[in-house]
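1. Sequence first, predicted model second:
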Amino acid sequence: GAGVSQTPSNKVTEKGKYVELRCDPISGHTALYWYRQSLGQGPEFLIYFQGTGAADDSGLPNDRFFAVRPEGSVSTLKIQRTERGDSAVYLCASSLMRGGLDTQYFGPGTRLTVL
Amino acid sequence: QKEVEQNSGPLSVPEGAIASLNCTYSDRGSQSFFWYRQYSGKSPELIMSIYSNGDKEDGRFTAQLNKASQYVSLLIRDSQPSDSATYLCAGTNSGGSNYKLTFGKGTLLTVNP
């Protein structure tokens, strides 16, 4: 079956611009996660959705970052006034339901480069 | 600050050998642990999950968990060049945020033909 998909695969933008990154989870997965992976590091948690609501956004670095999931499926991560330090691979994952026993399946990621 | 520590490597083994990857974690309440494989420029792919103390085997892979020592390991038997990748260890947070994975930095494994 189809896995997690993310678009675009690459995004190059200029400092100060606004970007949107899209994630389409595995069909039927109610839980959705965003992570950020910098070079040489493991993924770092940003936000978790259970259905339409953001159940935990404690990993978002600051108020320039925002994410939505209006219909409980596709999610969009939005970054305002981008900074060079935002450059990283943004990974989306989904799982069947909340819980530590769930396996999180990752999408291919969006590589964001802020010039 | 919950942490997962891994030796960054690189770990180099000859083809056919056993590769041993290790991980320690600071959150004593962590319940579930996962090993992901990540090829360069690709996304993490789940290799093994383990929730109970002891060993769990799946093909050439064996995960080991020791909660008393807060230690997780992954053994790869009969290593193949296609196993060359970065291996990420991850554990769930304790308490009400057990959906949240904390990852180590990863260990780069190279299997030499």
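-> Looks like it came in fine.
2. Now do whichever residue of chain B sits closest to chain A: how many residues are near it, please.
-> Taking CB to the nearest CB, chain A has its nearest neighbour within chain B at B:F103, 3.0 Å off. Heads up, the C-betas are built off the backbone N, CA and C, glycines and all. By the other CB atoms under 10 Å in any protein chain shown criterion, the neighbourhood of B:F103 contains 22 residues.
3. hmm, which helix or strand of chain A has the shakiest average pLDDT?
-> One helix or strand of chain A scores below all others by mean pLDDT, DSSP states H and E: strand A:53-56, with a mean of 88.
4. On the C-terminal side of that strand, identify the next helix or strand.
-> For strand A:53-56, the succeeding helix or strand toward the C-terminus, using DSSP states H and E, is strand A:65-68.
5. helices and strands around that next one, which ones?
-> Contact partners of strand A:65-68 among helices and strands, from 3 or more CB pairs under 8 Å, 6 or more residues apart in numbering or on different chains; DSSP states H and E: strand A:44-50, strand A:75-79.
6. what would the ones you listed look like in a markdown table with mean neighbour count and mean pLDDT?
-> Formatted as a markdown table, the helices and strands packed on strand A:65-68 follow (neighbours: other CB atoms under 10 Å in any protein chain shown; pLDDT from 0 to 100):
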| stretch | mean neighbour count | mean pLDDT |
| --- | --- | --- |
| strand A:44-50 | 21 | 94 |
| strand A:75-79 | 20 | 98 |
